[in-house]
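Engineer: generate coordinates for the sequence data below:
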Amino acid sequence: MDIFIREIEEKDYPAVTTLFVNEILGNNNAYDDYSDSVVLFFSKIRADKKYKTFVAVSNNDVIGFISAVSMLWIMSENIFIQCFAVRTEYQNKGIGTKLIKHMEDYAKVIGIAGVGLQSGVQRVAAHTFYEHNGYIKSNYFYKNFDSTK
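Structural biologist: Presented below is the predicted three-dimensional model:
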């Protein structure tokens, strides 16, 4: 199976939305609820040089993606992975490793000091994947503001 990694294009938005909903949210029925917001997100960030999104393609089919933002972290600039998914039937075939290594190589080329990410505590298989790829497990706290007030 030939895998090609490239930057996201507008034509990839529907496939990336499906990956986001199915693999990250785990809700196969939520596509319509999220499709507009995912398309809007990728449309906005594509023009912003702080963001970078790559897709994994096999036979002209998007089978995975990784999206990150560069940000200042105390004394250095780092990349924070925001979204990362590989279609279920293609997992455990090295595609996720290719995507994350591609993002790491991109980060090194532009002079970024490191890569970080947050993964939910329930995603044990993902944690094993990250640790296998050299990531150190740490804690992350988050506060969500109620947007209805």
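Engineer: out of all of them, which strand in this structure is the longest?
Structural biologist: When the chain is parsed with DSSP state E, its longest strand is strand 61-73.
Engineer: give me the mean pLDDT for that one.
Structural biologist: Averaged across strand 61-73, pLDDT comes to 92.
Engineer: residues in contact with the helix or strand following it: which ones?
Structural biologist: Moving toward the C-terminus from strand 61-73, the next helix or strand (DSSP states H and E) is strand 76-86. Applying Cβ atoms under 8 Å, 6 or more residues apart in numbering, the contact partners of strand 76-86 are 19-20, 23-24, 52, 56, 63-72, 95-96, 99-100, 103, 107, 111-117. In this view, the C-beta of every residue, glycine as well, is placed from N, C-alpha and C.
Engineer: now the longest strand of the chain and strand 76-86, what's the angle there?
Structural biologist: Relative orientation of strand 61-73 versus strand 76-86 (axes from the mean of the first three to the mean of the last three Cα atoms, to 10 degrees): 160 degrees.
Engineer: show me the shaky parts of the protein.
Structural biologist: Across the chain, the ranges flagged by pLDDT under 70 are 28-34, 120-122, 124, 139-149.
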